[in-house]
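K.L.:
here's my sequence, what's the structure:
(2 chains)
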Amino acid sequence: MLDAILSYEFLQNAFASGLIIGVIAPLLGVFIVVRRLSLIADALSHVTLAGIAGSLYLSQSVGALALLNPLYLGIASSVMGSMLIERLRSVYKHYEELAIPIILSAGIGFGAIFISLAEGFSSDLFGYLFGTVSAVSRQDLFIVAGIAVIVLAFIRIFFKELFVLSFDDEYARASGLPAKWIHFLFMIVTALVIAGSMRIVGILLVSSLMTIPVATAMRVAKSFKQTIWLSILFGEISVLTGLVTAFYFDLAPGGTIVVTSIAILLVILAYRKISLSKKRGAAA
Amino acid sequence: MAAPLINIKEVSYEYEQTKALDHISMAVEEGDFLAILGPNGSGKSTLLKIMLGLIRPSEGSVELFGIDSRQFKHREWIGYVSQKSNSFNSAFPATVQEVVAGGLAKKAGLFHKLPRNTAQQVEEALDAVGMKSFKNRSISELSGGQQQRVFIARALVAKPKVLILDEPTVGIDVQNVQAFYDMLAALNRERNITLVLVTHDVDTVTDRISHVACLNQTIHFHGFKDQLHMMSDEEREAWYGHSVRKIHHTEGSHTHA
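P.N.:
The predicted structure follows:
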């Protein structure tokens, strides 16, 4: 495997991108899960689909755009989607959750139209939906690396504010933290991670890499920082195992990554159950 | 003479065309232990939220430490403890230590890390509320009363001059409510922290407070608790309705509603 990675540039791109995504998706995912925003990740991934499908259509119909990396329009639509969700949440103050199905269906709607206009699924589009090992370009890798720099800087700079905001939104505002702005930036960074992660995991499965490793970590972690480190560890194991499996068995990596992360979750749940029943047995 | 720590001037608040507060004026001085009392829907929590700058009044203004609240920058001088059940995410994966350290976020400032002695400051704050031995426990494992003590420690860690508490005993066992108010009284007495509290525990809190404000859209009384008996029956009825009655304790001049 190592020989193959050293020999083929596409494998280097896929594994390097995978390693980066394995860190940033669960890292941001911890904040998404504890803030109960998991569904927003789903909505944004579907908006990204509209951007990608739009870009693929435009590259077919407008000659000048033939070489445009679809990731750019995917990122733009994802960021725009995150802003629209915030706008709708302020319009429907008493039904804030309505913003998610509205944006999610808009994403699927526009995606379906662009896919039809582009005359159906292409292998490119399949790669964007379920991830790919073979089609990750050096340019994709640089985009993912750029997004990672933004995410890591954002978390490093605003960690304490994000923690307070995630734990107790009202307290954060009462203590004078710029909760609104930090939330706004958080949404934009989330949109970037979703757009960046989908090359490897795929649009339809990107939110799972942000949530399943976190769900697993939360069963065993004893502190918030431990939840973050364990989420990243489980994320990395899932991505690497998933990519290797996908390469050897010629499968979509999105599927193998998510199935691996589910397997880790099941193992941890079983471990917790056994250790709890042992504790109860010892106490009785 | 120093400016009041909180000065509410002719504040009114309307929500969906219903008046929740009507021309409230009230000042909180340094060292006060003020309980804001009133029936459900009387605007108590709304008034606290206006003091904290969480909502803006429709009319009037609030001064904090002599500065208009919109220009006031030292939010860390004002600690806040909300109703436990309404606010935090109860299944949050964090230790008591991490939660209390969050209280230093504003004081440390944007773009700055928490100070090096954060662990020591957190221990001191936990010690003040009798929760030092719980510092490594998960916040979700604690009882309602213990969690509220942790939230007071989170407010105390930034060394505030005023502590504002919104029905802090909601969700706390009846037998622990007394001990909880004893702890607040000790903070007021020993650390000179000014306390503003909204509560329904009238009987329990009366012995420990210094001032009372009777609120029901307007202020019906605000002053030393010992002067509460000076409220006429008509004023009392206008404040709380027909069900309120006055009890004079033989050993003191306390009046309970």
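
K.L.:
show me what contacts the residue of the stretch 101-250 of chain A at minimum distance from chain B?
P.N.:
Closest to chain B within the stretch 101-250 of chain A is A:Gly176: 2.8 Å, counting by C-beta to the nearest C-beta. For glycine as for every other residue, the C-beta is placed from the backbone atoms N, C-alpha and C. Neighbour list for A:Gly176: B:Gly53, B:Lys73, B:Arg75, B:Glu76, B:Lys106 [criterion: C-beta atoms under 8 Å, 6 or more residues apart in numbering or on different chains].

K.L.:
isn't the last one right up against B:Ala158?
P.N.:
Yes - contact between B:Lys106 and B:Ala158 holds when scored by C-beta atoms under 8 Å: they sit 6.8 Å apart.

K.L.:
which of those two has more neighbours?
P.N.:
Shown here are B:Lys106 and B:Ala158; by other C-beta atoms under 10 Å in any protein chain shown, B:Lys106 has more neighbours (23 against 20).

K.L.:
let me see the contact set for the more buried one.
P.N.:
A:Ser175, A:Gly176, A:Leu177, B:Arg75, B:Glu76, B:Ala158.

K.L.:
please apply the same query to B:Asp166.
P.N.:
B:Asp166 neighbours (C-beta under 8 Å, 6+ apart): B:Lys44, B:Ser45, B:Leu48, B:Tyr80, B:Val81, B:Ser82, B:Gln83, B:Val198.

K.L.:
need those in TSV with neighbour count, pLDDT and secondary structure, can you?
P.N.:
Shown next, in TSV, are the contacts of B:Asp166 (neighbours: other C-beta atoms under 10 Å in any protein chain shown; pLDDT from 0 to 100; DSSP: H, G, I helix; E, B strand; the rest coil):
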residue	neighbour count	pLDDT	secondary structure
B:Lys44	25	89	helix
B:Ser45	18	87	helix
B:Leu48	22	91	helix
B:Tyr80	29	90	strand
B:Val81	25	88	strand
B:Ser82	25	82	coil
B:Gln83	17	77	coil
B:Val198	23	91	strand
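
K.L.:
what helices and strands are in contact with the helix or strand of chain A with the lowest mean pLDDT?
P.N.:
Ranked by mean pLDDT, DSSP states H and E, the weakest helix or strand in chain A is helix A:2-7, scoring a mean of 73. If you count contacts as 3 or more C-beta pairs under 8 Å, 6 or more residues apart in numbering or on different chains; DSSP states H and E, helix A:2-7 packs onto helix A:9-34.

K.L.:
tally up the residues packed near A:Ile274, please.
P.N.:
The burial count for A:Ile274: 10, using other C-beta under 10 Å.

K.L.:
show me where pLDDT drops low in the chain?
P.N.:
With no chain named, the answer covers chain A. A:1-2, A:120-121, A:123 (pLDDT under 70).

K.L.:
you looked at the wrong chain, it should be chain B
P.N.:
The low-confidence ranges in chain B, as defined by pLDDT under 70, are B:1, B:84-87, B:242-257.

K.L.:
now do the strands in chain B.
P.N.:
B:6-15, B:18-28, B:33-37, B:59-64, B:67-68, B:78-81, B:162-166, B:194-198, B:211-216, B:218-224, B:247-248, B:255-256 (DSSP state E).

K.L.:
now the fifth one: how far from the chain's centre is it?
P.N.:
I take that to be strand B:67-68. Counting by C-alpha atoms, centre = their mean, to the nearest Å, strand B:67-68 is centred 20 Å from the centre of its parent chain.

K.L.:
sheet-wise, list the partners of it with their directions.
P.N.:
Sheet pairing of strand B:67-68 (DSSP bridges) gives strand B:59-64 (antiparallel).

K.L.:
cool, and the third one?
P.N.:
Applying DSSP bridges, strand B:33-37 is found paired with strand B:194-198 (parallel), strand B:211-216 (parallel).

K.L.:
output it as PDB, nothing but the C-alphas.
P.N.:
Only the C-alpha atoms of strand B:33-37 are listed here, as PDB (Å, rounded to 0.1, in the frame of the first residue of the first chain):
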ATOM      1  CA  PHE B  33     -28.800  42.000  48.300                       C
ATOM      2  CA  LEU B  34     -31.900  42.700  46.400                       C
ATOM      3  CA  ALA B  35     -34.700  40.300  45.700                       C
ATOM      4  CA  ILE B  36     -37.100  41.100  42.900                       C
ATOM      5  CA  LEU B  37     -40.500  39.600  43.800                       C
END
